[in-house]
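1. model this:
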Amino acid sequence: QLQLVESGGGLVQPGGSLRLSCAASGFTLDYYAIGWFRQAPGKEREGILSSDSTGRMTNFADSVKGRFTMFRDSAKNTVFLQMNSLKPDDTAIYYCAADGRFAGLPMLTWYGYENWGQGTQVTVSS
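-> Numbers count the residues shown, from 1 in each chain. As a prediction, this is how the structure comes out:
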């Protein structure tokens with residue numbers, strides 16, 4: 001069974017940092033394009049970061065550029081979203097997604113990933 005399991009969400013003060021994990025089982029993330037999305041209350045899901053299967057190319061939404069980054073740990077078959085300088089506007093449920101069909105870099109607006117995590121809540125508040 002192919003599965004993505006997210007963890008690492010929680011409550012953080014403005015200006016703080018969090019690292020989200022997205023662990024895969026049943027397949028190897030090394031060869032998969034990755035997307036990170038979030039959905040704030042009352043808003044539509046938005047793409048904030050996408051990466052090609054090699055990890056050499058990454059798209060960032062303007063809202064997170066310079067603050068968020070992603071890296072892979074092949075030994076753990078996990079990708080991480082490092083979020084720094086968090087703002088209250090970053091409050092949302094965060095989702096990771098993976099797709100093995102992509103040869104290039106997915107657009108942030110592409111939602112057709114094969115595999116999705118269950119989501120993890122991030123709340124930025126003082």
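
2. contacts and neighbour counts: CA atoms only from here.
-> Noted.

3. Could I get the contacting residues of the residue most central in space within the chain?
-> By C-alpha atoms, centre = their mean, the chain has its centre lying nearest to residue 36, at 2.8 Å. Residues counted as contacts of residue 36 (C-alpha atoms under 8 Å, 6 or more residues apart in numbering) are 47-50, 94-97.

4. repeat that for 7 Å
-> Residues in contact with residue 36 (C-alpha atoms under 7 Å, 6 or more residues apart in numbering) are 47-50, 95-97.

5. Can you say which helix or strand has it in it?
-> strand 33-39 (DSSP states H and E).

6. Do you have the strands of the chain handy? List them.
-> Listed in chain order, the strands of the chain (DSSP state E) span 3-7, 10-12, 18-25, 33-39, 46-51, 58-60, 68-73, 78-83, 92-99, 115-116, 120-124.

7. what are the pairing partners of the fourth one, and which direction each?
-> Read it as strand 33-39. strand 46-51 (antiparallel), strand 92-99 (antiparallel) (DSSP bridges).

8. Now render those strands as TSV, adding mean neighbour count and mean pLDDT.
-> Formatted as TSV, these follow (neighbours: other C-alpha atoms under 10 Å; pLDDT from 0 to 100):
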stretch	mean neighbour count	mean pLDDT
strand 46-51	23	97
strand 92-99	24	97
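
9. if you skip the residues just before and after it, what's nearest to residue 114?
-> Closest residue to residue 114 apart from its sequence neighbours, by C-alpha to C-alpha, 6 or more residues apart in numbering: residue 99 at 5.1 Å.

10. Repeat that for residue 10.
-> residue 122 (5.0 Å).
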